[in-house]
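J.: any chance you can model this:
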Amino acid sequence: MSRKPIFLAIITVAIVSMACSFTINLPETRLRTGDTVTDNINVQLFDDPEKTAELEIIFGAGELKLVPGAENSLVLGTATYNVSDFKPEITRSDNKVQVKQGQTEGFSTLNPGVRNEWDLALGKSPMNLSITAGAYRGEIDLGGLSLLELIVKEGASDTEWDFSSPNLVEMKTFIYSTGASSAKLMNLANANFERMEFKGGVGSYKLDLSGELRKNIIVEVDAGLSNLVIAVPRDVPTQVTVEGSLTNINTSGDWQRAENAYVLTGNGHTITMEIKMGAGNLELVHP
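T.: Numbering: from 1, shown residues only. Here you go, the predicted model:
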């Protein structure tokens, strides 16, 4: 007998119980709008092209677009806003650079009529990149950069991430943490990491492992009450182990079941994935 109806019933009760049990008191902040302003952002390259930049981007609510392509700068682009407190602040000390929204706290979403849009490009200099953001919509492409480290911390967000071309260096650290959000991470093999840690809350997530796989990799996923899609190219040897008694698992393609693991056979470098889910739906697919 199918367990799916029972599973869905349990999930429904859990969601309703959560909605009834928690009250979140958000601070009320009135945002006074004014004229729309567009600031140019240009963080110059270091004199030493081999120097590793410690780049931190801090963004609150709004729309963030981040792409490669800053040919002669570390960061290049614009910030458009109509709340004066949102004016970006740029600080630089030795190899540390921070690009920060002027006000990042005191609100969970932007009121109608409020604009806050960043359109930035990054250069190819070696860097450790940290992105901290709140309730925002993001279109992020980090392909073709020289990322030694990537640490992402998000709130309630709706984002699409891509590594459209291979990272030019080996990524030593890749940590992605998000909240009640929707996130798609595409072409992750191009990030050229050895280990990735992904932590989610109540949300909908897709991790696509397409791209150029240069080494054996490990991906650790810790998701709460979520819908999670894992996409792996055909013929890439993969093993996915799952912990979570209330997880509904569906597969499509050539996945084979082996005890608490799901396996794909193939040749070349391998993907080892460990997934912990309190409850939710897990789908294993081929792109």
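
J.: what's the average pLDDT for stretch 150-166?
T.: Averaging pLDDT along stretch 150-166 yields 96.

J.: from the chain's centroid, how far away is that stretch?
T.: Here stretch 150-166 is found 3 Å from its chain centre; the criterion is CA atoms, centre = their mean, to the nearest Å.

J.: please, which helix or strand holds the spatially most central residue of the chain?
T.: The residue lying closest to the centre of the chain (CA atoms, centre = their mean) is Tyr176, at 5.5 Å. Assigned by DSSP states H and E, Tyr176 belongs to strand 173-177.

J.: and the next element down the chain from that strand?
T.: strand 182-186.

J.: and that next one, average pLDDT?
T.: Average pLDDT, strand 182-186: 97.

J.: dump that strand to CSV, restricted to CA.
T.: Extracted C-alpha coordinates of strand 182-186, given in CSV (Å, rounded to 0.1, in the frame of the first residue of the first chain):
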residue,chain,number,x,y,z
SER,A,182,13.2,29.2,-3.0
ALA,A,183,16.7,28.5,-4.3
LYS,A,184,18.0,27.0,-7.5
LEU,A,185,21.8,26.2,-7.8
MET,A,186,22.8,25.2,-11.3
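
J.: what packs against that strand?
T.: Strand 182-186 sits against strand 158-162, strand 203-208, with contacts defined as 3 or more CB pairs under 8 Å, 6 or more residues apart in numbering; DSSP states H and E. From N, CA and C alone the C-beta is placed, and that goes for glycine too.

J.: sheet partners, orientation included, of the shortest one?
T.: Here strand 158-162 is paired, per DSSP bridges, with strand 136-141 (parallel), strand 182-186 (parallel).

J.: what's the helix or strand following the last one in contact with?
T.: Once the chain leaves strand 182-186, the next helix or strand it forms, by DSSP H and E, is strand 195-199. Taking contacts as CB atoms under 8 Å, 6 or more residues apart in numbering, the residues outside strand 195-199 that touch it are 174-178, 185, 188, 205, 207, 217-223.

J.: can you do 7 Å?
T.: With CB atoms under 7 Å, 6 or more residues apart in numbering as the contact definition, strand 195-199 has outside contacts at Phe174, Ile175, Tyr176, Ser177, Leu207, Ile217, Ile218, Val219, Glu220, Val221, Asp222.

J.: nearest to Leu66 among those residues?
T.: The nearest member of the contacts of strand 195-199 to Leu66, counting by CB to CB, is Tyr176 at 14.3 Å.

J.: you'd agree the closest one is up against Glu154?
T.: No. Between Tyr176 and Glu154 there is no contact under CB atoms under 7 Å: 8.1 Å.

J.: on that earlier part again, can I get the contacts of strand 195-199 in a markdown table with pLDDT and distance to Phe198?
T.: Listed next are those as a markdown table, based on pLDDT from 0 to 100; distance: CB to CB, whole Å:
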| residue | pLDDT | distance to Phe198 |
| --- | --- | --- |
| Phe174 | 98 | 9 |
| Ile175 | 98 | 8 |
| Tyr176 | 98 | 5 |
| Ser177 | 97 | 8 |
| Leu207 | 98 | 7 |
| Ile217 | 98 | 13 |
| Ile218 | 98 | 11 |
| Val219 | 98 | 7 |
| Glu220 | 98 | 7 |
| Val221 | 97 | 5 |
| Asp222 | 95 | 7 |
